[in-house]
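> pasting the sequence and the predicted coordinates here, then a few questions.
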Amino acid sequence: QPKRKAAFGSVGRRIPYRILHVINEDGESLGNMHRAEALRLMDQHGLKLVLLRENVEPPVYRLMTGQQIHEEQLKLAEKKKASPKPGVVQKEVSFSSAIANNDLETKTKQIAQWIEKKHHVKVTIRQAK
């Protein structure tokens, strides 16, 4: 089972690493420290530890307030909404050369909606018999 990327949030007291690189709530580096020292700082200042980067040695954690964590979660949600979905969606519509005027208007409105949603649109025009 592949390891899922956890949502941005407090890790609580479960820290699997002995040595951590800690950044304070203002973004200043506090350097490398033992897990127990980081937890003591967390309790002393009433903050929460958040994992920023796991793939470096030692892993980087940041002390944050609940409000800062909430703001970061909102930013990530906005980025996720703004990013395009994987794979391109292609829509297709076909017209007959003898199409009625109201049908033509309806289909062109549908095409305009698809283009606004950033879909690729393929239009086929068939010759009427």
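Okay, I see it.
> mind listing what K117 touches?
Residues near K117 by CB atoms under 8 Å, 6 or more residues apart in numbering: none. Bear in mind the C-beta positions are built from the backbone N, C-alpha and C, glycine included.
> centroid-nearest residue for this structure?
Centroid-nearest residue in the chain, with CA atoms, centre = their mean: K80, separated by 3.3 Å.
> for the helix or strand that one falls within, buried residues please.
Element membership for K80, per DSSP states H and E: helix 66-82. Along helix 66-82, these residues count as buried under the neighbour rule (16 or more other CB atoms under 10 Å): I69, E72.
> please apply the same query to stretch 94-104.
Buried, per 16+ other CB under 10 Å, within stretch 94-104: I99.
> next one: K118 from S96, what distance?
According to CB to CB, to the nearest Å, K118 and S96 sit 28 Å apart.
> likewise for K79?
Distance from K79 to S96, by CB to CB: 43 Å.
> ditto for V60
Distance from V60 to S96, by CB to CB: 62 Å.
> cool, L41 as well?
Remark: distance between L41 and S96 (CB to CB) = 72 Å.
> can I see the domain layout of this protein?
With domains defined by the TED database, the chain comprises 19-82, 90-126.
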